[in-house]
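Enquirer: any chance you can model this:
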Amino acid sequence: KGAQFALTLQGRAMNDAERGQIVRVLNPQSRAIVEAVAVSAGLAETVPRASALITAERP
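Expert: Alright, predicted model coming up:
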């Protein structure tokens, strides 16, 4: 607890969102979808407690 780190990865937005709104982001490798907050065009950040694994669809 208390340790901070940053992890950057590419994903695909599953819905449109304005700055500050929640956007669902698909990780194309794991097929997991996470919720993030839109920061700017093409950029979203997850935050503690707001980031929840929604689904992990596997073919």
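Enquirer: the strand ranked longest in the chain pairs with which strands?
Expert: The longest strand of the chain (DSSP state E) is strand 32-40. Strand 32-40 sits in its sheet next to strand 22-26 (antiparallel), strand 43-45 (antiparallel), strand 53-56 (antiparallel), going by DSSP bridges.
Enquirer: could you look up the SS state of Thr8?
Expert: Put simply, Thr8 is coil when judged by DSSP: H, G, I helix; E, B strand; the rest coil.
Enquirer: so what pLDDT did the closest residue to Arg12 other than its chain neighbours get?
Expert: Closest residue to Arg12 apart from its sequence neighbours, by C-beta to C-beta, 6 or more residues apart in numbering: Leu26 at 4.6 Å. To be clear about C-beta, it is placed using only N, CA and C from the backbone, and glycine gets the same treatment. On pLDDT, Leu26 comes in at 94.
Enquirer: next, count neighbours for Leu26.
Expert: 17 (other C-beta atoms under 10 Å).
Enquirer: show me what contacts it?
Expert: With contact set as C-beta atoms under 8 Å, 6 or more residues apart in numbering, Leu26 has these partners: Gly11, Arg12, Ala13, Met14, Ala32, Ile33.
Enquirer: of these, closest to Glu45?
Expert: Set against Glu45, the nearest of those by C-beta to C-beta is Gly11 (11.8 Å).
Enquirer: and the gap between Ala44 and Asn27?
Expert: 12 Å (C-beta to C-beta, to the nearest Å).
Enquirer: the nearest residue to Asn27 once chain neighbours are set aside: neighbour count?
Expert: The shortest distance from Asn27 to any non-neighbouring residue, by C-beta to C-beta, 6+ apart, is to Gly11 (5.2 Å). Residues near Gly11, counting by other C-beta under 10 Å, number 18.
Enquirer: I'd say Gly11 and Val23 touch.
Expert: No - Gly11 lies out of contact with Val23 (C-beta atoms under 8 Å); the separation is 9.6 Å.
Enquirer: picking that back up, and the residue nearest to Arg12, what are its bridge partners?
Expert: Arg12, Ile33.
Enquirer: shift numbering so it begins at 44
Expert: New numbering, starting at 44: the last item is Leu69.
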